[in-house]
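A.B. asks: quick one, fold the following:
(one chain, ligands or ions: 2)
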Amino acid sequence: ATPTALLVGTGRGAQLGALIKGPEILESTRRVDTVVLDKTGTVTEGRMSVEGVDVPAAVGTSTEALRFAGAVEALSEHPVAQAVAASAREADGATGLPDVTGFRNHAGGGVEGTVTDDNGAHHVLVGRPAWLAEQGAAVGDEVAHAVTVAQESGATAVVVAWDGSARGVVRLRDTVKATSADAVGQLRQLGLRPVLLTGDNAPSARAAAAAVGIAEDDVIADVRPEDKVAVVERLQGEGAVVAMVGDGVNDAAALAQADLGLAMGTGTDVAIEASDITLVRGDLRVAATAIRLSRRTLRVIK
Ligand code: ADP
Ligand code: MG
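C.D. replies: Ligands and ions are numbered 1, 2, ... in the order given. Below you'll find the predicted structure:
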């Protein structure tokens, strides 16, 4: 292998929007046969918007649920949190969101904090339905039903609880990037198996997978951040040479474990640092470009 050819390869990669950490990375890039794609922020825009708020238990109003949820979410950077906070600010107009104390972020679950309004202090939880139940919030049948209906429509549903019980369901939607279907098609053409991996719920994950052409059997949903790495290890144990593409703090361990880690340049620094290749503009098609380039470069050398 001539070092010059490898350097030319990485230089060409940079021109095409793939920052390759070192020439030796081209060899692992060439060998991958499975590409694990994070959903939120990688396959989708990662910019959620609030579609509606339900108060199925008929305690509290949807305005109140959104206001409490938004106040706590304003302190988190998660895409769900930003959408909820923006929607609450918009609904609130001039009043401003209430103060929050004791904020805590629970990665892959949700957020908690104490919100104080004219009626006193309320302990608020906002997050994944199963996580709320784990935290000891009472999630009644009406709320659980509203969550199922929302998820079956392809939405991400987060539950808002205060003073011990779940009272609101916030329905959010994210859009699949315009380039994702083409990117998945290109990866397939290169003979790779695309797998969708997400902490989001299964119906919403299946909807995104269908939109980009990933088989239902290759959708792995409801995965906690700490379990994403285990999914990569499992695939490796089955003999796969795995590339992982992600953008979030929650993807970092899996990016490092993968045979090849690719980070969205639009993603977090933690993901970029854990990766071998950065896709500068966050364009998934460039993952296919990098693989094609590595094959061509190493074919020339051998
Ligand atoms: P992804 O793999 O899709 O990027 P995460 O692992 O970050 O997702 O989160 C998984 C799920 O946990 C989200 O789909 C959401 O339901 C819930 N969640 C995480 N953080 C928050 C938050 N700040 N507010 C509400 N829900 C959250
Ligand atoms: Mg993500």
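A.B. asks: list the buried ones in the longest helix seen in the chain?
C.D. replies: Determined from DSSP state H, the single longest helix within the chain is helix 285-301. For helix 285-301, the buried set under the neighbour-count rule, 16 or more other Cβ atoms under 10 Å, comprises 285-294, 297-298. For the C-beta atoms, the positions are set from N, CA and C on the backbone; glycine is no exception.
A.B. asks: go on, stretch 58-76?
C.D. replies: 59-60, 62, 64-74, 76.
A.B. asks: pick the one among these closest to residue 12.
C.D. replies: residue 76 (39.4 Å; Cβ to Cβ).
A.B. asks: residues contacting the closest one?
C.D. replies: Residues near residue 76 by Cβ atoms under 8 Å, 6 or more residues apart in numbering: 82, 105, 111.
A.B. asks: what residues does the stretch 51-200 of the chain have near ligand 1?
C.D. replies: Residues of the stretch 51-200 of the chain lying near ligand 1 by Cβ under 6 Å from any ligand atom: 73, 76, 78, 80-81, 108-111, 126-128, 156, 158, 198-200.
A.B. asks: which positions in the strand or helix carrying residue 182 come out as buried?
C.D. replies: Secondary structure assignment for residue 182, by DSSP states H and E: helix 180-189. Neighbour counts over helix 180-189 (16+ other Cβ under 10 Å) mark 180-184, 186-187 as buried.
A.B. asks: and that helix, average pLDDT?
C.D. replies: Averaged across helix 180-189, the pLDDT comes to 98.
A.B. asks: can you check stretch 252-267 too?
C.D. replies: Rounded mean pLDDT across stretch 252-267 is 96.
A.B. asks: and it, how far out from the chain's middle?
C.D. replies: Taking the mean of its C-alpha atoms, stretch 252-267 sits 13 Å from the chain's own mean (Cα atoms, centre = their mean, to the nearest Å).
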